[in-house]
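Student: this one's sequence-less:
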């Protein structure tokens with residue numbers, strides 16, 4: 001006997017070692033394979049865990065299909081990121097308790113091990129586990145059950161039905177569990193979530209109808225508790241649907257349709273008295289049960305059912321009001337109102353700070369502008385005074401001159417300084433009679449004036465350069481001030497987490513089976529933006545933009561989709577009112593491998609399209625490089641988000657500096673697809689043309705190319721385009737050959753709305769007329785998007 005005990009003790013220790021090793025492996029696997037599942041129990045998570053265990057035991061108690069129902073529910077909980085180490089023991093115990101069969105325990109553990117492998121595989125692939133993969137894992141895990149059931153029990157129909165029930169419950173419980181436990185959606189659900197939830201409620205009614213102790217059925221208790229609580233925190237329709245569906249499940253259990261009527265009447269009684277409080281709802285439910293027991297009757301009617309239903313109603317009354325409020329949608333809406341208030345207040349504070357910062361830059365701009373526009377002190381009069389003080393005052397004959405002129409000779413020197421500054425040199429011929437009749441050092445005086453004027457001119461040019469830089473800084477500060485103003489205005493725009501518009505967006509999306517767990521609307525009317533948090537499978541649906549546009553009455557488009565794991569962020573902004581179609585025709589100069597005409601077409605921003613033709617000095621790579629530098633400079637300003645008028649002003653100023661001495665002509669058109677505005681920047685370029693429905697407008701350039709004259713002045717203009725208007729740009733190789741008349745004749749002759757056809761025709765005519773230089777034609781047409 002002792003030996004047998006020692007042997008059993010060895011086996012017992014070995015068993016504990018094996019169990020400990022398996023637990024360690026599972027824990028390590030969960031930390032590495034299921035990092036998202038590695039959750040700790042907290043007071044907030046205890047209640048859902050207890051509910052999950054109770055549901056597993058309840059579903060496992062169903063005769064013949066208990067294992068299949070419990071397996072499906074277990075897979076749904078695992079898919080909804082519940083801790084597998086906590087749910088698995090409850091699931092396995094539930095399957096074992098109602099059968100007391102080790103075979104069933106093995107059948108229950110096999111799918112769990114397969115699910116671990118499925119999640120490990122998808123974790124290595126760095127992808128989220130889809131529902132179909134969980135269902136497939138459950139089906140593969142049921143292989144031992146299927147094989148044993150077919151070979152030993154012989155009841156093939158039961159095995160097939162069990163597999164069908166298990167897979168169905170996997171899909172339904174996965175969808176519902178994810179909605180409730182992950183997305184925490186209680187008030188809004190999609191059509192598929194509602195259908196799956198309704199099916200599970202029917203199964204719940206079926207399972208509850210089979211649980212009884214001495215004729216004390218669990219069904220009346222749960223029905224009374226649920227309808228009284230739900231009538232206080234959800235819509236009446238939701239309570240009634242729940243009561244009807246759970247009655248359908250009970251009716252399927254007993255094959256008695258009266259149970260549907262009984263559950264419906266109990267739900268109606270709770271809903272009718274719900275506007276008052278939970279107490280009248282509970283009393284009404286008890287009264288209905290008493291009437292059914294005494295007069296109408298149904299399969300579960302009896303004093304036992306009356307006691308159970310009364311117990312459920314009383315339990316519903318002791319639920320704290322705080323939990324009822326949290327379960328209701330009103331609490332969620334109030335919190336979102338608070339979030340909106342906090343965000344808007346912080347946005348207004350930040351906007352005020354940006355406005356004040358903008359004022360600082362604007363004042364700096366005004367100060368620099370005053371300095372840059374101040375009258376220059378380097379005048380002939382000032383030079384004359386300096387020579388009178390530093391030269392004439394030190395002459396031995398100064399007393400004679402000063403006594404005659406009132407102690408100052410600058411008045412007679414001013415004609416000579418004026419001549420020196422204007423012509424670069426003064427001579428005896430510029431001297432007034434007063435000096436020629438009295439001064440004994442005329443030649444020396446002329447030499448001093450000439451040398452002083454030369455130094456004076458250099459200082460004056462340096463001062464003018466400083467003033468020009470200050471003027472440019474003034475314009476830049478003004479541009480920064482405008483950018484800050486725009487940012488302040490954008491930050492000050494209201495943001496709404498809860499409003500009629502937000503709720504309407506959610507409802508409209510739900511109509512199309514798109515779940516938006518969060519909706520944020522910002523901006524003002526005419527410039528509204530929306531941000532949605534949706535399921536990953538819904539993010540690419542085109543109906544999102546249409547539904548949101550319909551509610552906000554503004555055409556929006558999806559500009560960005562951000563990844564958030566199982567969910568995605570969808571950003572929508574106003575769609576451009578216009579779009580641009582363009583055509584290009586070009587030909588290189590004979591003998592060259594690279595065209596000196598550099599043309600550029602870019603989407604500078606989401607609503608700005610840049611078209612540029614640049615002609616560097618001559619042809620080839622060097623000319624191409626010089627042209628691209630000019631385009632990149634202009635492009636940078638538009639990408640910075642500055643206002644168009646400020647951009648044109650800064651471009652005008654900076655091009656004079658950056659292109660001085662580096663010959664390059666450029667022709668740039670920037671189309672704003674939001675407003676239809678056209679910005680034109682020209683420097684020594686050929687004439688462009690704006691083709692409207694009934695007219696052709698020539699846009700000529702008044703400035704020569706950079707390098708021909710010092711400090712060239714670019715031409716910057718702004719036009720308004722409308723639907724159907726066309727813009728025609730060309731290099732000097734085309735325009736010099738055709739001239740204005742030839743271009744207009746070509747436009748009239750072609751009479752097309754296709755920009756590519758127009759570009760081809762102009763290039764063809766230029767070549768026929770003998771164009772030898774590089775030729776480029778760029779045509780664009782504005783049309784409503």
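Tutor: Received the coordinates, thanks. All values reported here derive from a predicted model rather than from experimental measurement.
Student: Could you give the average pLDDT over stretch 110-126?
Tutor: Per-region confidence: stretch 110-126 scores 84 on mean pLDDT.
Student: next one: stretch 613-625
Tutor: pLDDT averaged over stretch 613-625 gives 60.
Student: and the closest residue to residue 166 other than its chain neighbours, what does it touch?
Tutor: The shortest distance from residue 166 to any non-neighbouring residue, by Cβ to Cβ, 6 or more residues apart in numbering, is to residue 68 (3.9 Å). For the C-beta atoms, the positions are set from N, CA and C on the backbone; glycine is no exception. Residue 68 makes contact with 162-163, 165-166, 169, according to Cβ atoms under 8 Å, 6 or more residues apart in numbering.
Student: at 7 Å instead, please
Tutor: 162, 165-166 (Cβ atoms under 7 Å, 6 or more residues apart in numbering).
Student: Kindly report the same for residue 290.
Tutor: residue 306.
Student: How much space separates the residue nearest to residue 166 from residue 203?
Tutor: 11 Å (Cβ to Cβ, to the nearest Å).
Student: do the same with residue 572
Tutor: 39 Å.
Student: So for the two, which sits in the more crowded spot?
Tutor: Ranked by neighbour count (other Cβ atoms under 10 Å), residue 572 and residue 203 place residue 203 first, with 26 against 22.
Student: For that one, identify the helix or strand it belongs to.
Tutor: Here residue 203, judged by DSSP states H and E, is contained in helix 191-208.
Student: Now do that helix: which elements does it pack against?
Tutor: With contacts defined as 3 or more Cβ pairs under 7 Å, 6 or more residues apart in numbering; DSSP states H and E, helix 191-208 has these neighbours: helix 156-177, helix 218-233, helix 236-254.
Student: mean confidence score for the second one?
Tutor: Taken as a whole, helix 218-233 has an average pLDDT of 86.
Student: Which residues does that helix contact?
Tutor: 208-209, 211-212, 238-239, 242-243, 246, 250, 263, 266-267, 270-271, 274, 278, 281-282, 285, 289, 300, 305, 308-309, 311-313, 315-316, 319, 324, 327-328.
Student: repeat for stretch 153-161
Tutor: Taking Cβ under 7 Å, 6+ apart as the rule, stretch 153-161 contacts 64, 146, 149-150.
Student: and which of these is nearest to residue 543?
Tutor: Among these, residue 146 lies closest to residue 543 (Cβ to Cβ), at 40.8 Å.
Student: which element is that closest one on?
Tutor: helix 143-148.
Student: Report the buried residues of that helix.
Tutor: Judged by neighbour count (16 or more other Cβ atoms under 10 Å), helix 143-148 contains these buried residues: 145-146.
Student: for residue 720, what are its contacts?
Tutor: Counted by Cβ under 7 Å, 6+ apart, residue 720 has contacts 676-677.
Student: Kindly list the longest helix within the chain.
Tutor: helix 442-491 (DSSP state H).
Student: Would you map the helices across the stretch 301-450 of the chain?
Tutor: 303-317, 321-327, 329-372, 380-390, 398-405, 410-423, 433-438, 442-491 (DSSP state H, counting those that start in this stretch).
Student: ignore the last one, the stretch 51-200 of the chain
Tutor: With DSSP H, counting those that start in this stretch as the criterion, the stretch 51-200 of the chain has helices spanning 66-79, 84-97, 102-124, 131-141, 143-148, 156-177, 191-208.
Student: okay, now the spatially closest residue to residue 252 that is not a sequence neighbour: neighbour count?
Tutor: What sits nearest to residue 252 in space, not counting adjacent residues and going by Cβ to Cβ, 6+ apart, is residue 206, at 5.5 Å. By other Cβ under 10 Å, 22 other residues sit near residue 206.
Student: My guess is residue 206 contacts residue 247. True?
Tutor: No - using Cβ atoms under 7 Å, residue 206 is not in contact with residue 247, being 10.8 Å away.
Student: if we can go back for a sec, would you write a ChimeraX line that selects the buried entries of the contacts of helix 218-233?
Tutor: Here the buried members of the contacts of helix 218-233 are turned into a ChimeraX selection, burial being counted by 16+ other Cβ under 10 Å:
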select :208,209,211,238,239,242,243,246,250,263,266,267,270,271,274,278,281,282,285,289,300,305,308,309,312,313,315,316,319,327,328
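Student: before we move on, the earlier item: would you tell me which one of the contacts of stretch 153-161 comes nearest to residue 430?
Tutor: residue 146 (118.5 Å).
Student: Please name the residues that touch the closest one.
Tutor: Per Cβ under 7 Å, 6+ apart, neighbours of residue 146: 159, 163.
Student: and if you look at residue 752?
Tutor: residue 758.
Student: 10 Å instead, please
Tutor: 726, 758, 760-761, 779, 781 (Cβ atoms under 10 Å, 6 or more residues apart in numbering).
Student: Would you confirm that it belongs to a helix?
Tutor: No - counting by DSSP: H, G, I helix; E, B strand; the rest coil, one finds residue 752 to be coil, located in no helix.
Student: Looking at strand pairing, list the partners for the one residue sitting closest to the centre of the chain.
Tutor: With distances taken as Cα atoms, centre = their mean, residue 571 lies nearest the centre of the chain, 3.4 Å away. As for beta bridges, residue 571 partners with residue 531, residue 560 under DSSP bridges.
Student: wait, doesn't it sit right on residue 534?
Tutor: No - between residue 571 and residue 534 there is no contact under Cβ atoms under 10 Å: 11.5 Å.
Student: Mind listing the shared neighbours of these two?
Tutor: With Cβ under 10 Å, 6+ apart as the test, residue 571 and residue 534 both reach residue 561.
Student: returning to what we had before: now find how far off-centre the helix holding residue 203 is within its chain.
Tutor: 37 Å (Cα atoms, centre = their mean, to the nearest Å).
Student: and the next element down the chain from that helix?
Tutor: strand 212-213.
Student: Okay, now the sheet partners of that next one, with direction.
Tutor: Here, using DSSP bridges, strand 212-213 pairs with strand 216-217 (antiparallel).
Student: Quick one: distance of the partner strand to the chain centre.
Tutor: For strand 216-217, the distance to the chain centre is 55 Å (Cα atoms, centre = their mean).
Student: same deal with stretch 92-108?
Tutor: 50 Å.
Student: Quick check: which ranges of the stretch 251-400 of the chain have low pLDDT?
Tutor: Low-confidence segments of the stretch 251-400 of the chain, defined by pLDDT under 70: 323-344, 372-378, 397-398, 400.
Student: at 50 what do you get?
Tutor: Across the stretch 251-400 of the chain, the ranges flagged by pLDDT under 50 are 329-335.
Student: what pLDDT does the nearest residue to residue 76 once chain neighbours are set aside get?
Tutor: Of all residues not flanking residue 76 in the chain, residue 173 sits nearest, at 2.6 Å (Cβ to Cβ, 6+ apart). Looking at residue 173, its pLDDT stands at 89.
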